[in-house]
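Undergrad: Okay, here's the prediction I keep looking at, along with the sequence it came from:
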Amino acid sequence: MHFTQKIAGVFLIGVLSAAGAVAGAAAQTYKIVGQYMLPGSTAHGLAVDSISRRLFVAGDGGIAVLNADTGATLGTIPLKDAQDVLLIPVMNGEEPATSTVGFATGNGTVVAFSPESMKVAASAKLPTDGASSLCYDDDAKTVAAVSAGGSLASIDAESGKIVKSWRVGTGAGQIACGTLKHVYVADTAANVVHVLNHGTGKDDGDYPIMTGSKPSGLSLDTKGRRLFVACEDGTVEIIDTDSGFTFIELKAGAGKARETFAWTPQGKGQWKAASFIVQEDGTLTGIRMNAFINYSIGGVYKLTPGLGSVAYDAKTHRLLITSMQAGKPVVLLAGY
Amino acid sequence: MTRKFFFPNLPSLVAAAALSLVFTPNLRAQGILSAEQLRGKKILIVAGEPEKDHPNDDMVVKKHLESQGYVVTMAKEEDDLAKAAGQDLIIISSTADPREIADKYASVSVPVFTWNTVDYPDMKMSGPERHVDFETLDPVQDYARAFTMLYGYFPNVTNPIVHELGIPRSQMFGTGYLLPQAFGWARPAPSASIVVNVEGETTHAGVFTYEKGATMYGGFVAPARRVGFYLSDGTFHYLTAVHGDAERDVNLSQWWVGLKLFDASIRWALSPAVTPEAYDPQALKKKLASVAKGKKLLFVRRLNTPEGEESDDHISEHFKELGFIVTEADQSQPDTMAEGQDFVVISATNSKYKLSNKYRDVKVPLMCLEGLSADSFKMANRHRFVDYGEHGEAKESEDPPEAYLEIVGSYHPMAAGLKPGYVKFIKEADVLKWAMPLPSAIVIATLPNSFHERAIFGYEKGAAMADEYIAPARRSIIPVDNPAFDDLTPEGHTLFDAVTLWTISEPGN
């Protein structure tokens, strides 16, 4: 063993030990702590309003609205074959406030709705049919809708109107909105992440996947501008979006992946931030941020097979995960 | 790992092509073959045993090279040299124990590409002393310095490897991704080409090369091309690369070039070596005459001087004999005398003080015979007797008179086909001047027993000289002091002609 390697190894062990010491202060061994039944027969994207305590889940019957604390059904936002849902974040000074606008996609349509009244306020047709996903660009105050059929639509978050739309190569994986009007799209089949531009409708360039295969899940740290790409073969690549360079590779679970990013996911004093990845094989992986250029596996937790999408509840520090259990769609609550 | 290489987009290609018209290096002699042309070449990677808790990037490198079409075989540090038979390139990883491999591959007549810094001395690529001749830096032990290793500097854009990257001027770049990593540098022998230097030290080479036939450390002659690279055990995957939108930003695409640098260096190593012509003074003179014929030469000298006038006259006659149309100018005349000329030669009879900065900026080739003027012509920095000096001048040097030079760049046309080692330059030991040029110089000869006293060297058009001054045309220096021309040996004369020929030839020839 070379001296250099020894030193580097000691350094890495030191970092991980320090990480472990912090983790030990509050056990972050995520496990299923609850389950909510859902209507209909499928469950896809979900979003949670931690302030109003409302959970929104896209499914074949529309957007199911549940009480985030009890799982009680509060209503349904009508949208056939809903695929994805998001809530526009609102701040009251430094503190988050109840969201007043939500968006959902399904069956080639995007709708704007009131989270409180659960009524659709606006509706528009997307350029292509097929599975579609949403993300919100807080800088541009724009919702981007990406259709796996090959289109990108830029939606004004206030009016709910489609400002522009384009036909452009996309992908079947998750999407994430970033800075500079970028919309990252995991193209599972092409093994790249497309960097679309919701201002121009162009593909600004692709990020190659270094060693992984079939990029599926995406989440984005908008402050550090790091993109977490979870591949179906278990590789997680962390990309510096300033250059498209993969600087860390880690190992997660296997199968189709979906992610969410959260700051201080266990509250202050614990992890600085994390990307949580849920995968088809039932694995929940926490990619822990140690520093803006230092990430490690915070934990790999075996939950139950068939995990779908994931959202983070800032009030309870729990993860909400869609899944199919005994043929029925549910939301699993994962906590520690 | 398959490191995918995405070609630069059209604007970058156009910019690189435009720049190549301005700064055309000696590509014909050192042409780098493309990846397509090198497909199928066999590479042997000599690596240490992988260790369970200390992963390294050896297999990542293997996969990367295979993805480019090379046929890669692994070898262990204890494997016999016979395993290298039939290979086109040997790579020595830093994971191989340098004490085990020692000088095993030093004499192989196959190119070697190594990032085993501690093995550089045994490979004759550097001197033997750690922290002086080479160094490995660790991000923990050398925490502060490890940050400086994130930044490399390209001192010579006329270097064929740097040219491949489309780098337009001497500038910095990101060696590895933002995290301080282990790194290796070395101070190579005078004949090496320094592709990348670090820490602001011109001689601390992160990437350096030896051409086949170049004199390496301790007088060892390179049996084939050699490349030293700054990698360490697990740092290959940190070599910088840029994708997506950032590729279109010229500054970013020229910054994130670590992986491209690696690939270009591999291809340089695999490309055919320069083949110097055999020593043949008559053939050289004939060739020079054919190139010189009709060319206008301005010979700048001190007219009507009591000292050196006769040898200056002989220099002038020699040029006329070769076919140059010679005009003479006194040191006191303005440098507008160079207008309309094709070549300027500066005699050692000139007073450096009286000549001032004249002729420095001429856009035609210039050859200087006065070593002490190296700084005024930007061929060296300005510290007298540190950056330039002389042997043999009473009261001005502690070094005795000298008659010999040591040929270190025998692969290069300026060496006239002379073999590496000592050559008698002048008949009687006398004053010989030297300078320490910048890393982008091509060094042909040094004074004997001296690492940094370089006697014959040249700068390609477009090369960065002292103070980042860009050579407007080829520049060369050869220590024909006054009245040494009349005292040159036959080999000395041939060197004079060879340096003249290179200086007046088109870049690329």
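TA: Received, thanks. Numbers count the residues shown, from 1 in each chain, chains lettered A, B, ... in the order given.
Undergrad: Disregarding residues adjacent in the polypeptide, which is nearest to whatever residue of chain A ends up closest to chain B?
TA: Residue nearest to chain B within chain A: residue A:244 (2.9 Å; CB to the nearest CB). Placement of C-beta: from N, CA and C, glycine included. Across the structure, with CB to CB, 6 or more residues apart in numbering or on different chains as the measure, the residue nearest residue A:244 apart from its sequence neighbours is residue B:243 (2.9 Å).
Undergrad: follow-up on the earlier one: what's the residue of chain A closest to chain B sitting at in phi/psi?
TA: Backbone torsions for residue A:244, taken as degrees, to the nearest 10, come to phi 80, psi 20.
Undergrad: Local confidence estimate at it?
TA: pLDDT recorded at residue A:244 is 95.
Undergrad: Return the residues in contact with it.
TA: A:195, A:205, A:207-208, B:241-247 (CB atoms under 8 Å, 6 or more residues apart in numbering or on different chains).
Undergrad: again, but for residue B:297
TA: Under the criterion of CB under 8 Å, 6+ apart, the contact partners of residue B:297 comprise B:319, B:324-327, B:341-345.
Undergrad: Count the neighbours of the residue nearest to residue A:173 when sequence neighbours are not counted for me.
TA: Spatial nearest neighbour of residue A:173, chain neighbours left out: residue A:186 (2.6 Å); criterion: CB to CB, 6+ apart. The number of residues packed near residue A:186 is 31, by other CB atoms under 10 Å in any protein chain shown.
Undergrad: doesn't residue A:219 make contact with residue A:186?
TA: No - with contact taken as CB atoms under 8 Å, residue A:186 and residue A:219 are classed as non-touching, separated by 10.5 Å.
Undergrad: Quick check: neighbours shared by the two?
TA: With contacts defined as CB under 8 Å, 6+ apart, the residues shared by residue A:186 and residue A:219 are residue A:174.
Undergrad: picking that back up, what about the residue nearest to residue A:244, how many neighbours?
TA: Applying other CB under 10 Å, we find 22 residues neighbouring residue B:243.
Undergrad: Would you mind listing what in chain B touches chain A?
TA: Remark: the part of chain B in contact with chain A comprises B:1-4, B:6, B:48, B:51, B:53-54, B:56, B:60, B:94-95, B:97, B:136, B:138-141, B:177-179, B:182, B:232-234, B:237-238, B:240-248, B:252, B:256, using CB under 8 Å from any CB of the partner chain.
Undergrad: Buried subset of the residues you listed, written for PyMOL?
TA: For the buried members of those, the matching PyMOL selection, counting by 16 or more other CB atoms under 10 Å in any protein chain shown, is:
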select buried, chain B and resi 1+3+4+48+54+56+60+94+95+97+136+138+139+140+177+178+179+182+232+233+234+237+238+240+241+242+243+244+245+246+247+248+252+256
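Undergrad: quick one: which of the residues of chain B next to chain A sit in strands?
TA: Counting by DSSP state E, the residues of chain B next to chain A place residue B:136 in strands.
Undergrad: hang on, the earlier thing: of the contacts of residue A:244, closest to residue A:279?
TA: residue A:207 (20.5 Å; CB to CB).
Undergrad: host element of the closest one?
TA: strand A:203-208 (DSSP states H and E).
Undergrad: Show me what secondary structure element comes after that strand.
TA: For strand A:203-208, the following helix or strand on the C-terminal side (DSSP H and E) is strand A:215-221.
Undergrad: and the next helix or strand after that following strand, which strands flank it?
TA: Moving toward the C-terminus from strand A:215-221, the next helix or strand (DSSP H and E) is strand A:226-231. For strand A:226-231, the pairing partners within the sheet under DSSP bridges are strand A:215-221 (antiparallel), strand A:235-240 (antiparallel).
Undergrad: Give me whichever of those is most buried.
TA: Among the strands paired with strand A:226-231, ranked by average contacts under mean count of other CB atoms under 10 Å in any protein chain shown, first place goes to strand A:215-221 (a mean of 26).
Undergrad: by how many degrees do that one and strand A:203-208 diverge?
TA: 110 degrees (axes from the mean of the first three to the mean of the last three CA atoms, to 10 degrees).
Undergrad: hmm, back to that, among the contacts of residue B:297, which lie within helices?
TA: Taking DSSP state H as the definition of helices, the contacts of residue B:297 contribute residue B:319.
Undergrad: ok so, going back, could you dump the strands paired with strand A:226-231 into JSON lines with mean pLDDT added?
TA: Output for the strands paired with strand A:226-231, formatted as JSON lines (pLDDT from 0 to 100):
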{"stretch": "strand A:215-221", "mean pLDDT": "97"}
{"stretch": "strand A:235-240", "mean pLDDT": "97"}
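Undergrad: who touches the residue nearest to residue A:87 when sequence neighbours are not counted in this structure?
TA: Excluding the flanking residues, the one nearest residue A:87 by CB to CB, 6+ apart is residue A:99, at 4.0 Å. Neighbour list for residue A:99: A:49, A:51-52, A:87-90, A:115 [criterion: CB under 8 Å, 6+ apart].
Undergrad: any idea how far residue A:99 is from residue B:273?
TA: Residue A:99 sits 68 Å away from residue B:273, going by CB to CB, to the nearest Å.
Undergrad: and what of residue A:227?
TA: Counting by CB to CB, the gap between residue A:227 and residue B:273 amounts to 44 Å.
Undergrad: cool, residue B:248 as well?
TA: Looking at residue B:248 against residue B:273, where the rule is CB to CB, the gap reads 37 Å.
Undergrad: Report pLDDT for the residue of chain B found nearest chain A.
TA: Each residue of chain B has a distance to chain A, by CB to the nearest CB, and the smallest belongs to residue B:243, at 2.9 Å. Looking at residue B:243, its pLDDT reads 95.
Undergrad: Counting neighbours, what do you get for residue A:111?
TA: 23.
Undergrad: Contact partners for it?
TA: Each residue near residue A:111 by CB under 8 Å, 6+ apart is listed here: A:77, A:79, A:103-105, A:120-124, A:160.
Undergrad: Near the closest residue to residue A:231 other than its chain neighbours, how many other residues are there?
TA: Counting by CB to CB, 6+ apart, the nearest residue to residue A:231 once its immediate chain neighbours are dropped is residue A:212, at 3.4 Å. Residue A:212 has 22 neighbours, counted by other CB under 10 Å.
Undergrad: pretty sure residue A:212 is touching residue A:229, no?
TA: Yes - Residue A:212 is within contact range of residue A:229, at 7.1 Å (criterion: CB under 8 Å).
Undergrad: Please enumerate the shared neighbours of those two.
TA: Residues touching both residue A:212 and residue A:229 (CB under 8 Å, 6+ apart): A:236-237.
Undergrad: can you pull up the bridge partners for the residue nearest in space to the middle of chain A?
TA: Nearest to the centroid of the C-alpha atoms of chain A, with distances taken as CA atoms, centre = their mean, sits residue A:260, at 3.4 Å. With DSSP bridges applied, residue A:260 shows beta-bridge pairing to residue A:276.
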